[in-house]
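Peer 1: the following comprises the amino acid sequence and a computationally predicted model.
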Amino acid sequence: MSARVETYRAELRKLKDWEPYLKKHSGLPGPRANLELVAAVADEADPDRLWRLSASRDEFLALCGTAGLGRVALLEPETVMTWLRELAADPRWRVREGVAIALQRLGRESMPRLLAEMKVWTGDGPYVQRAVVAALCEPALLKTNEDTVEVLAILDRLTMSLAEMTDRRHDGVRALRQALGYGWSVAAAAAPQNARPYLEKWMRSTDKDIAWVMKSNLSKARMADVKKALPPPKSSRTRRSGSRAKSKPAGLRGTRSAARGAISRPRRRPKP
């Protein structure tokens, strides 16, 4: 744990009312919320305070409370998981990030419990499905091949769900696509042999969003070794063969010079 987190924890212990302090040190408005302070709240706050903060209209307060609920998920599983599932579709993206932080904390305590919950969440809407990817595709959680195999099966289900969606312009669908755009590489790097059949299957897809997801994952540095065992994407092979076939008509498939000669030499008129 960083020194900054410990400093924040010590400061919070001295306070009765945390909200003014949290707002002052939130880092917002700005490009980055104070995640060290979020971690300090998650460690230091009691469950009642976490529940109150998670329901706040203030985005940073809600982020702190939501992230901290992962600590009490095993103590109150039904109520906490139901609330986190609702917050996973919150219009505020930082609150949705708080859900991912909470779920990852649950995974560090009990990966079997997290996997069981995430299998249920896969049947929800795209924002909730995005939370599943963000929660599970964390290298620190994929410590065993058994767990990673289950994550790969969940990713396969979510990718199929994306392929079946019709409103691709919905913000939730875009969020799910972005998450799948890195999630496969995290799981594949943890279990390359198990991931290969899934990757090969989805690399054959003609769906433009699925093709983007695969291309994005294959571009990650952690996929360097995995890529060596995979065939080139189907789309690129199809484009090359198609363009080659169109470039030369059937009657001009000889050498390039022969083709030029056939085109450039006009037919001589017979002498009268």
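Peer 2: Done, it's in.
Peer 1: contacts, neighbours, all on C-alpha from now
Peer 2: Noted.
Peer 1: residue ranges with poor pLDDT in the stretch 101-250 of the chain?
Peer 2: For the stretch 101-250 of the chain, applying pLDDT under 70 flags the ranges 233-250.
Peer 1: what about Ser216, how many neighbours?
Peer 2: 17 (other Cα atoms under 10 Å).
Peer 1: one more: Ala135?
Peer 2: The number of residues near Ala135, taken as other Cα under 10 Å, comes to 24.
Peer 1: output the contacting helices and strands for the host helix or strand of it.
Peer 2: Assigned by DSSP states H and E, Ala135 belongs to helix 126-136. Packing contacts for helix 126-136, counted by 3 or more Cα pairs under 8 Å, 6 or more residues apart in numbering; DSSP states H and E, involve helix 93-109, helix 111-121, helix 145-164, helix 171-190.
Peer 1: does Glu44 really touch Arg9, like I thought?
Peer 2: Yes. Glu44 is within contact range of Arg9, at 6.3 Å (criterion: Cα atoms under 8 Å).
Peer 1: if I look at Ala221, how far off is Val186?
Peer 2: Distance of Ala221 to Val186, given as Cα to Cα, to the nearest Å: 10 Å.
Peer 1: Asn194: how many residues sit nearby?
Peer 2: With other Cα under 10 Å as criterion, Asn194 counts 17.
Peer 1: now it, nearest residue through space, not along the chain?
Peer 2: Val149 (6.7 Å; Cα to Cα, 6 or more residues apart in numbering).
Peer 1: sorry, back to before: okay, the angle between the helix holding Ala135 and helix 93-109?
Peer 2: Here helix 126-136 points in a direction 40 degrees away from that of helix 93-109 (axes from the mean of the first three to the mean of the last three Cα atoms, to 10 degrees).
Peer 1: who's in contact with stretch 44-61?
Peer 2: Stretch 44-61 is contacted from outside by 9, 12-13, 19, 22-23, 26, 28, 33, 42, 62-66, 68-69, 72, 92, 94-95, using Cα atoms under 8 Å, 6 or more residues apart in numbering.
Peer 1: and Trp18, how many residues sit next to it?
Peer 2: 17.
Peer 1: do Asp167 as well
Peer 2: 11.
Peer 1: so what does it have for phi and psi?
Peer 2: phi -90, psi 80 (degrees, to the nearest 10).
Peer 1: same deal with Ser56?
Peer 2: phi -70, psi 150.
Peer 1: which residues touch the residue nearest to Arg105 when sequence neighbours are not counted?
Peer 2: Closest residue to Arg105 apart from its sequence neighbours, by Cα to Cα, 6+ apart: Gly70 at 5.4 Å. By Cα under 8 Å, 6+ apart, the contact list for Gly70 reads 101-106.
Peer 1: tell me the secondary structure at Gly70.
Peer 2: helix (DSSP: H, G, I helix; E, B strand; the rest coil).
Peer 1: 37 is where my numbering starts, stick with that
Peer 2: In the new count, where the first residue is 37, that last one comes out as Gly106.
Peer 1: ok, it to Leu139 distance?
Peer 2: 6 Å.
Peer 1: regarding Glu72, which helix or strand does it belong to?
Peer 2: helix 71-80.
Peer 1: now do that helix against helix 129-145, angle only.
Peer 2: Using the same axes, to 10 degrees: helix 71-80 against helix 129-145 is 50 degrees.
Peer 1: ok, then the element right after helix 71-80?
Peer 2: Helix 71-80 is succeeded, C-terminally, by helix 83-90 (DSSP H and E).
Peer 1: Ala171 touches Leu139, doesn't it?
Peer 2: Yes. Using Cα under 8 Å, Ala171 is in contact with Leu139, at 5.6 Å.
Peer 1: what are the structural domain limits within the protein?
Peer 2: 37-145, 176-268 (automatic domain parsing).
Peer 1: on that earlier part again, Glu80 and Arg45: which is more packed in?
Peer 2: Using other Cα under 10 Å as the criterion, Glu80 and Arg45 rank with Arg45 on top: 20 against 17.
Peer 1: which residues are in contact with the more buried one?
Peer 2: Here Arg45 is in contact with 76-77, 79-80 (Cα under 8 Å, 6+ apart).
Peer 1: quick one: average confidence on the helix or strand hosting it?
Peer 2: Per DSSP H and E: Arg45 is located in helix 39-49. Helix 39-49 comes out with an average pLDDT of 97.
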